[in-house]
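Trainee: Using only what follows, build the 3D model:
(one chain, ligands or ions: 1)
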Amino acid sequence: MGSLVYLDNNATTAVDPQVLEAMLPYFKDQYGNASSLMHSLGRSASAAVENSRRQVTELINAPATDILLFTSGATEAINMVLKGVFEHYQSIGRHFITCKTEHKAVLDTFAYLEKKGAEVSYLEVDHLGRLDLEKLESTIRPDTVMMAFMSANNETGILHPIDDLADIAQKHDILFFCDATQSIGKQKIDLRQIPIDILCLSAHKFHGPKGAGALYVRKKNKRIQIGSLLHGGSQESGWRAGTLNVPAIVGMGKAAELAKAKLDTEIIRLAGLRDKLERMLLTLPQTYINGQGTNRLPHVSNVTIRHLRAASLIPKVPLLCLSTGSACVSGSRDPSHVLMAMGCNPEDAFSSLRLSLGRFNTEEEIEKAGNQICATVAALRTESPNWQLFEKGLIP
Ligand code: PLP
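Mentor: Got it, this is the predicted structure:
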């Protein structure tokens, strides 16, 4: 058995050893409750939490005077924002705008809110996963409260123009919530320059621990009203009740510090590896990259290898950790809603692989993965009825 090649970094990433090292004391000797400020153990836990808040705030270059609160991850932050804004802005309106290619955490929360009376416009994307900004502006109504767009798509890596989106939101005086879960730590973001109102992130996507996330809220003249999802204690200045998960928060802070320090070199290194992998896979006939030619994250590739179901290919390359798309919908029998929204036909959507690289991937691994996928596809296609029909010209 050779060693595994992990190419599913959009699902989750390996915890960086330096992150683990930073966390360990908070499982052992430093076990204080960050709200127990009467004694030294509590105070040192509280200081560690505040240090993490600074580290995460620096990663997104937000002013320290803005609000950054810790959550259990992006799903919680998304639920908190969408449900909270719906509840608190009813006197202004109940209309929201989002996009068909958002993550299920956004789409399913909106579906829930629609049952409660929210009206949601789901914008289309083109074949490259891009939004039509004129269409967005024409969709804004006097009762529109907020627009919610991800920075980068989790299945394809395609980037939305968050600076233009923030300008549009500002121009029309509506809130802009950005689910930046996939781009934080992978792409530079500067919240002093881009006026995003609310943003969420998740530590396990950038080599931090699972179960730790953050919600950023811009301080405006009029305080943005979100309210709490969890009621109980007065932690996080009353935004989120519950004892803070100090080890995880410390890990997220360290992960943020490392991501910031490595960002420039990693963007170049990973784009080089990703391009190499794509070049190898594109030698296979009837293969294309979804979103090729548009702005994408440097480490993600979504490749359609036609007439071969990805779910049949993946078990045949057991030393490679690959995915067909979002981990949250694995097991679903439906084709990817992201690729379908981009105009892909269901058969091609079922034939698509998501390859997402991370800090610990090497060039050697990429060569190994490319060679294994190419050889396995060639072998499987000789037995694939669909491929044979295609070769005979009986299907397109
Ligand atoms: N949003 C996006 C774009 C994601 O990719 C994910 C996770 O895959 C989430 C939200 C949910 O994040 P979490 O696992 O922190 O709840």
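Trainee: unless I'm mixing things up, residue 147 is touching residue 96, no?
Mentor: Yes - using CB atoms under 8 Å, residue 147 is in contact with residue 96, at 7.1 Å. (Each C-beta comes from the backbone N, C-alpha and C, glycine too.)
Trainee: Next, whichever residue of the stretch 201-350 of the chain sits closest to the ligand: phi, psi?
Mentor: The minimum distance from the stretch 201-350 of the chain to the ligand, using CB to the nearest ligand atom, falls at residue 202 (3.2 Å). Here the main-chain torsion angles of residue 202 (degrees, to the nearest 10) amount to phi -140, psi 130.
Trainee: Once you drop chain neighbours, what's closest to the residue in the stretch 51-200 of the chain positioned nearest to the ligand?
Mentor: The minimum distance from the stretch 51-200 of the chain to the ligand, using CB to the nearest ligand atom, falls at residue 73 (2.8 Å). Among residues not flanking residue 73 along the chain, residue 213 sits closest, at 4.0 Å (CB to CB, 6 or more residues apart in numbering).
Trainee: Do you know the pLDDT at that neighbour?
Mentor: pLDDT for residue 213: 98.
Trainee: Then residue 233?
Mentor: 87.
Trainee: List the contacts of it.
Mentor: Listed by CB atoms under 8 Å, 6 or more residues apart in numbering, the contact partners of residue 233 are 35, 241-243.
Trainee: Name the SS class of it, please.
Mentor: coil (DSSP: H, G, I helix; E, B strand; the rest coil).
Trainee: Can you pull the phi/psi pair for it?
Mentor: phi -80, psi -180.
Trainee: Equivalent analysis for residue 150, please.
Mentor: Torsion angles at residue 150 (phi, psi; degrees, to the nearest 10) stand at phi -70, psi 160.
Trainee: Count the neighbours of the residue nearest to residue 73 for me.
Mentor: Residue 213: 28 surrounding residues under other CB atoms under 10 Å.
Trainee: List the beta-bridge partners for it.
Mentor: Here residue 213 sits in beta bridges with residue 71, residue 202, as judged by DSSP bridges.
Trainee: Tell me how far stretch 122-136 lies from the chain's centre.
Mentor: How far stretch 122-136 lies from its chain's middle: 19 Å, per CA atoms, centre = their mean, to the nearest Å.
Trainee: Figure out the helix or strand that residue 285 lives in.
Mentor: Under DSSP states H and E, no helix or strand contains residue 285.
Trainee: Next one: it relative to residue 302, how far apart?
Mentor: Counting by CB to CB, to the nearest Å, the gap from residue 285 to residue 302 is 18 Å.
Trainee: Check residue 26 too.
Mentor: Distance, residue 26 to residue 302, by CB to CB: 37 Å.
Trainee: what's the answer for residue 247, then?
Mentor: For residue 247 relative to residue 302 (CB to CB), the value is 34 Å.
Trainee: what about these two, which has more around it?
Mentor: Counting neighbours by other CB under 10 Å for residue 247 and for residue 302 shows that residue 302 has the greater number, 29 against 23.
Trainee: can I assume that one sits in a strand?
Mentor: Yes - with three-state DSSP as the criterion, residue 302 is assigned to a strand.
Trainee: can you list the residues of the stretch 151-300 of the chain near the ligand?
Mentor: 154, 179, 181-182, 202, 213 (CB under 6 Å from any ligand atom).
Trainee: mind showing which ranges of this structure have poor pLDDT?
Mentor: 1, 221, 326-332 (pLDDT under 70).
Trainee: repeat that for 80
Mentor: Applying pLDDT under 80 to the chain flags the ranges 1-2, 220-222, 325-333.
Trainee: the helices in it, which residues?
Mentor: 17-23, 40-59, 74-88, 104-115, 133-139, 162-171, 246-281, 310-313, 337-341, 346-350, 363-383, 385-391 (DSSP state H).
Trainee: Would you mind writing the CA trace of the fourth one as PDB?
Mentor: This means helix 104-115. The C-alpha trace of helix 104-115 is given here as PDB (Å, rounded to 0.1, in the frame of the first residue of the first chain):
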ATOM      1  CA  LYS A 104     -26.600  24.400   1.300                       C
ATOM      2  CA  ALA A 105     -26.200  26.100   4.600                       C
ATOM      3  CA  VAL A 106     -27.400  29.300   2.900                       C
ATOM      4  CA  LEU A 107     -29.900  27.700   0.600                       C
ATOM      5  CA  ASP A 108     -31.500  25.500   3.200                       C
ATOM      6  CA  THR A 109     -31.700  28.300   5.800                       C
ATOM      7  CA  PHE A 110     -33.400  30.500   3.200                       C
ATOM      8  CA  ALA A 111     -35.800  27.700   2.300                       C
ATOM      9  CA  TYR A 112     -36.700  27.500   6.100                       C
ATOM     10  CA  LEU A 113     -37.200  31.300   6.200                       C
ATOM     11  CA  GLU A 114     -39.400  31.300   3.100                       C
ATOM     12  CA  LYS A 115     -41.800  29.100   5.100                       C
END
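Trainee: tell me how far it is from the chain's mean position?
Mentor: Using CA atoms, centre = their mean, the offset of helix 104-115 from its chain centre is 17 Å.
Trainee: For it, name the packing helices and strands.
Mentor: helix 74-88, strand 95-99, strand 119-123, strand 144-150 (3 or more CB pairs under 8 Å, 6 or more residues apart in numbering; DSSP states H and E).
Trainee: Same check on the longest one?
Mentor: Using 3+ CB pairs under 8 Å, 6+ apart as the contact criterion, the secondary-structure elements in contact with helix 246-281 are helix 17-23, helix 40-59, strand 287-289, strand 300-305, helix 363-383.
Trainee: and the ones you listed, which is most packed in?
Mentor: strand 300-305 (a mean of 24; mean count of other CB atoms under 10 Å).
Trainee: what angle do that strand and helix 246-281 make?
Mentor: 40 degrees (axes from the mean of the first three to the mean of the last three CA atoms, to 10 degrees).
Trainee: Look at residue 227 and say how many residues are nearby.
Mentor: Residue 227, neighbours per other CB under 10 Å, totals 15.
Trainee: Distance of it relative to residue 87?
Mentor: 6 Å.
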